[in-house]
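> here is my input; please provide its structure:
(chains A and B)
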Amino acid sequence: MDDRVARYGYQARAGVNAAGPLPIAVRDLTKIYGAVTAVDRISFTLQPATTVALLGGNGAGKTTTIAMLLGLVVPTSGEVRVFGADMSRNRGAVAHRLNFQSPYVDLPMRLTVRQNLTVYAELYGVANVAERIAYIAEDLQIAALLDRPTGKLSAGQKTRVGLAKALLNAPELLLLDEPTASLDPDTADWIRHKLKQHAERRGATLLFASHNMAEVERLAHRVILLHQGRIIEDGTPQSLIATYGRDTLEEVFLDVVRGRAQQAQGSAEPSAAAELKAS
Amino acid sequence: MNLSQACAAGAEPILLAPTGIGASFRRMAALVKRYVYLLRSSGVRIIELIYWPFLQMLTWGFLQKYLADTTSTLAQGAGVLIGAVLLWDILFRSKIGFSTTFIEEMWSRNLGNLLISPLRPLELIAALSAWSIIRLAVGMIPVAFAAYLFFGFNLLGLGLPLVAFFAVLVLTSWSLGLIAAGVILRYGLGAEELAWSLAFLLLPLCCVYYPVSVLPDWLQPVALALPPTHVFEGMRSILLHNIFDVRDLWWAMGLNAIYLVAGYATFRWFLASARVNGTLVQLGE
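Residues are numbered from 1 along each chain as shown, chains lettered A, B, ... in the order given. Down below sits the predicted model:
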């Protein structure tokens, strides 16, 4: 029997209704490591075809949240559902529909770029491996790198190769942890363009953690601001800037990480902006 | 197909069904392919696979030759020591092949990518197991051939029992490999030493170079509870007395089944524990 099937053909068999469940639904998610509460009862959902930024200072809980969404970390309590699948118990049902890129996770250094992409294309069940790699290599301008060892590439080239790996299966949900960390402005801008292009072409949902406010303003439809494991704000970049009475998202971020948002939290929401303006 | 046609054909990935036996085999094959690429990338790695077993074989081969010239009993059982070292190397190299390949994923900070991919833990283990046999073949076949050339010891002379010996030793090595991989997953590369040394725990107990009867009475049941002990006893029985007791092998296989289940359960327990403790996120960092 030919097991080549349409993208959505097998999802019903896997027990996941492609049309129904949201890409991400998180409810009362908590992660406690010993005495440290890394993530504290957060709840949010992501609609299909939206790009959402997770913002927060170091230790705010961004990476832990993404790790729980990927099934790498089990929540202490609460629930993570990706396309309706409980990621603590049934990750395998949806793993082929998502992908992940982070500068903190590498591809094997000794393998060439082509070898790495071939292995991952096969792991993700891509049937037209050679053609898919050729297409992605052209699209991400890594064709000249395909036969070079991955370990010999520059940081920018590695990021592009990591992105190529993350796009091999044309994921419906793409999770990214600081996708442009340590890249020069030109390369970072190019990567952002490619991410946006993928989201628009595929109707994909993107969730990314970032410290780069310009990046967030450019890419994200919505920002979830985390501080000490809790969601402090959740809205569009423009609405947050307006709420805090600031000129840029960076200023809003500084308000949050320096604790001024906690003051604002204590008061009623409509007065938060006024209080911050006064400060 | 030219480049532009290939690109056009690759604009959309054709995705295969992610579930079922076929999908599992494809993912295992993909991972084994990754290890083949890795081995091919470095000639030193291939030489290393042969180097240590070859040195071991030479050392014990010369010792055997010396003892055979001076002791009549050992002369009668020519090949006992060299046979022991070759069989021990099957166990040791297979275990190392399993563990170091797993550690390699951590060294290269690639495990995170694998664990979020559609690859299932059982498929990862099956791929590591298959690869440990391939590595073993690459390392041991030339060394077994060299043992015949240098000392006239024919490993194949053990006959059909050799296949059973091989199976028992490899299965035991996988049990040990699973435990070592689980511990490293949970405690990180700081526990790497365990991966190297775990098999040596068995060395004095599974009676590689001497019969079980040499051990104190209270230790003999412990030795007999280890599958490899039956292999080494069986090998000596064949080479010294030309007798092969198949019941011993069934006993060893039964023990192996228990150890494999226990090894897999231990690995899954450590994996679950690593997911709870968040150590998978810090891997390689």
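> what residues does the stretch 151-279 of chain A put near chain B?
Contact residues, the stretch 151-279 of chain A versus chain B (C-beta under 8 Å from any C-beta of the partner chain): A:Lys165, A:Leu168, A:Asn169, A:Ala170. Bear in mind the C-beta positions are built from the backbone N, C-alpha and C, glycine included.
> one more time with 7 Å, if that's ok
Within the stretch 151-279 of chain A, the positions adjacent to chain B are A:Leu168, A:Asn169, A:Ala170 by C-beta under 7 Å from any C-beta of the partner chain.
> just the buried residues of whichever helix or strand B:Leu185 is part of, please?
Element membership of B:Leu185, judged by DSSP states H and E, is helix B:161-187. Neighbour-count burial for helix B:161-187, counted by 16 or more other C-beta atoms under 10 Å in any protein chain shown, picks out B:161-162, B:164-187.
> that one: how far from the chain's middle?
6 Å (C-alpha atoms, centre = their mean, to the nearest Å).
> tell me where the stretch 151-279 of chain A has strands.
Under the criterion DSSP state E, counting those that start in this stretch, the stretch 151-279 of chain A contains strands at A:173-177, A:205-209, A:222-227, A:230-235.
> quick one: residues in contact with the third one.
This means strand A:222-227. A:44, A:50, A:52-56, A:60-62, A:216, A:231-237, A:240, A:256-257, A:261 (C-beta atoms under 7 Å, 6 or more residues apart in numbering or on different chains).
> from those, list just the buried residues.
Buried members of the contacts of strand A:222-227, counted by 16+ other C-beta under 10 Å: A:44, A:50, A:52-56, A:60-62, A:216, A:231-234, A:237, A:240, A:256-257, A:261.
> so of those, which ones are in helices?
A:Lys62, A:Val216, A:Pro237, A:Leu240, A:Val256, A:Val257, A:Ala261 (DSSP state H).
> out of the residues you listed, the closest to chain B would be?
For these, the residue nearest chain B by C-beta to the nearest C-beta is A:Lys62; the value is 11.5 Å.
> nearest spatial neighbour of that closest one, skipping sequence neighbours?
A:Ala209 (4.0 Å; C-beta to C-beta, 6 or more residues apart in numbering or on different chains).
> cool, B:Phe102 as well?
B:Phe102 sits nearest to B:Ala181 (C-beta to C-beta, 6+ apart), 4.4 Å away.
> distance check, the residue of the stretch 151-279 of chain A found nearest chain B against A:Lys62.
Residue nearest to chain B within the stretch 151-279 of chain A: A:Ala170 (5.2 Å; C-beta to the nearest C-beta). From A:Ala170 across to A:Lys62, the span is 25 Å (C-beta to C-beta, to the nearest Å).
> shaky segments in the chain?
As the question left the chain open, I've gone with chain A. Low-confidence segments of chain A (pLDDT under 70): A:1-19, A:259-279.
> hm, I was asking about chain B
In chain B (pLDDT under 70), the answer is B:1-8, B:66-78, B:282-285.
> helices of that one, residue ranges please.
Under DSSP H, chain B gives helices at B:3-9, B:21-40, B:43-70, B:72-76, B:80-107, B:111-116, B:121-151, B:161-187, B:192-202, B:220-224, B:227-236, B:246-277.
> what about the third one and chain A, touching?
No. Against chain A, helix B:43-70 shows no contacts by C-beta under 7 Å from any C-beta, the least distance being 9.3 Å.
> other SSEs contacting that helix?
helix B:72-76, helix B:80-107, helix B:121-151 (3 or more C-beta pairs under 7 Å, 6 or more residues apart in numbering or on different chains; DSSP states H and E).
> return the most buried member of those.
helix B:80-107 (a mean of 24; mean count of other C-beta atoms under 10 Å in any protein chain shown).
> so can I have a markdown table of the helices of chain B showing distance to A:Ala35?
Formatted as a markdown table, the helices of chain B follow (distance: least, C-beta to C-beta, whole Å):
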| stretch | distance to A:Ala35 |
| --- | --- |
| helix B:3-9 | 53 |
| helix B:21-40 | 38 |
| helix B:43-70 | 44 |
| helix B:72-76 | 63 |
| helix B:80-107 | 27 |
| helix B:111-116 | 26 |
| helix B:121-151 | 30 |
| helix B:161-187 | 20 |
| helix B:192-202 | 29 |
| helix B:220-224 | 42 |
| helix B:227-236 | 44 |
| helix B:246-277 | 14 |
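> burial of A:Ile42, as a residue count?
21 (other C-beta atoms under 10 Å in any protein chain shown).
> let me fix that, I meant to ask about B:Phe200.
Neighbours of B:Phe200 using other C-beta under 10 Å come to 10.
> phi first, then psi, for A:Leu149.
You called it Leu, but residue A:149 is Pro. Backbone torsions of A:Pro149, given as degrees, to the nearest 10, read phi -60, psi 140.
> buried stuff in stretch B:19-36?
For stretch B:19-36, by 16+ other C-beta under 10 Å, it's B:19, B:23-24, B:26-35.
> near chain A, which of the residues you listed show up?
Among the buried residues of stretch B:19-36, proximity to chain A is found for B:Thr19, B:Ala23, B:Arg26, B:Arg27, B:Ala30, B:Lys33, B:Arg34 (C-beta under 7 Å from any C-beta).
> switch the residues of the stretch 151-279 of chain A next to chain B over to a markdown table; also include neighbour count.
Below are these laid out as a markdown table (neighbours: other C-beta atoms under 10 Å in any protein chain shown):
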| residue | neighbour count |
| --- | --- |
| A:Leu168 | 24 |
| A:Asn169 | 26 |
| A:Ala170 | 21 |
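> sort out which one of the residues you listed lies nearest B:Ser99 for me.
A:Leu168 (29.1 Å; C-beta to C-beta).
> quick check: that closest one touching A:Glu131?
No. The pair A:Leu168 and A:Glu131 fails to qualify as a contact (C-beta atoms under 7 Å) at a distance of 11.6 Å.
> show me what the helix holding B:Leu185 is packed against.
Applying 3+ C-beta pairs under 7 Å, 6+ apart, one finds that helix B:161-187 contacts helix B:80-107, helix B:121-151, helix B:192-202, helix B:227-236, helix B:246-277.
> which residues does the shortest one contact?
With C-beta under 7 Å, 6+ apart as the contact definition, helix B:227-236 has outside contacts at B:80, B:83-84, B:87, B:91, B:158, B:161, B:165, B:168-169, B:172, B:202, B:206-208, B:211-212, B:223, B:244-245, B:248-249, B:251-252, B:255-256, B:259.
> on that earlier part again, chain A: which of the ones next to chain A among the buried residues of stretch B:19-36 is nearest?
Nearest member of these to chain A, counting by C-beta to the nearest C-beta, is B:Ala30, at 3.5 Å.
> which non-adjacent residue is nearest the closest one?
A:Glu122 (3.5 Å).
> next secondary structure after whatever helix or strand the one you found lives in?
Following DSSP H and E, one finds A:Glu122 within helix A:113-123. Following helix A:113-123 in sequence order, the next helix or strand is helix A:129-139 (DSSP H and E).
> report the distance from that next one to the chain centre.
For helix A:129-139, the separation from the chain centroid amounts to 23 Å (computed by C-alpha atoms, centre = their mean).
> and chain B, is it touching that?
Yes. Using C-beta under 7 Å from any C-beta, we find that helix A:129-139 touches chain B at A:Ala130, A:Glu131, A:Arg132, A:Ile133, A:Ala134, A:Tyr135, A:Glu138.
> ok, the second one touching B:Gly10?
Yes. Counting by C-beta under 7 Å, B:Gly10 is a contact partner of A:Glu131 at 3.4 Å.
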